[in-house]
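Student: need coordinates for the following:
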Amino acid sequence: MSDLFRIDGNDLVLIGGRSRSNGLYHFPRAEVCPYTGVDDVDTVDLPASGELFLWTSVTSAPPGYDGPVPYGFGVVELDGIGLRVISRLTESDPSALHEGQRMQLVSDRVGDVTTWAFQPS
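Tutor: Alright, predicted model coming up:
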């Protein structure tokens, strides 16, 4: 089981952290708040939707990667909490994406690995 996400039926959920003392969210979840170092972090389910902030297309496979290229890669700001998550994107054509575009979390297969990605919604 991944410490980054879980699959609930047909839904994929990113697992993050939230500090009780400052209310700030982070991903991936850490034992201490990455902003203050306080050890008051609760495990939380993060929103499954957001807006595209930055994006690019990866056209050359990194070492050890056996999935398709090109693939999209970007930053999505999750709804309601202001946390920006770096993620694989299902859309690989940069011209099909734009700042503020609505994105939805989905499960994705890369080779024999199940992971997460964001797709335009």
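Student: what are the buried residues along stretch 11-26?
Tutor: For stretch 11-26, burial by neighbour count (16 or more other Cβ atoms under 10 Å) applies to 12-19, 24-26. No exception for glycine: its C-beta is placed from N, CA and C like everyone else's.
Student: nearest to residue 40 among those residues?
Tutor: residue 19 (5.6 Å; Cβ to Cβ).
Student: quickly list what the closest one is bridged to.
Tutor: residue 41 (DSSP bridges).
Student: just to revisit the earlier point, quick check: the farthest pair among the buried residues of stretch 11-26?
Tutor: 12 and 19 (24.1 Å).
Student: lowest-confidence helix or strand of the protein?
Tutor: strand 5-8 (a mean of 91; mean pLDDT, DSSP states H and E).
Student: pLDDT weak spots in the chain?
Tutor: 1-2 (pLDDT under 70).
Student: domains for it, by residue range?
Tutor: Domain segmentation of the chain under automatic domain parsing yields 1-46, 47-121.
Student: and the strands in this structure?
Tutor: 5-8, 11-19, 25-26, 41-45, 49-58, 71-78, 84-89, 102-110, 113-120 (DSSP state E).
Student: any idea of the angle the fifth one forms with strand 113-120?
Tutor: If you take axes from the mean of the first three to the mean of the last three Cα atoms, to 10 degrees, strand 49-58 sits at 110 degrees to strand 113-120.
Student: and strand 49-58, what other elements does it pack with?
Tutor: Under the contact criterion of 3 or more Cβ pairs under 8 Å, 6 or more residues apart in numbering; DSSP states H and E, strand 49-58 touches strand 71-78, strand 84-89, strand 102-110, strand 113-120.
Student: nearest to residue 57, of those strands?
Tutor: strand 71-78 (6.0 Å).
Student: nearest spatial neighbour of residue 97, skipping sequence neighbours?
Tutor: Closest residue to residue 97 apart from its sequence neighbours, by Cβ to Cβ, 6 or more residues apart in numbering: residue 55 at 4.9 Å.
Student: okay then, goodbye and thanks.
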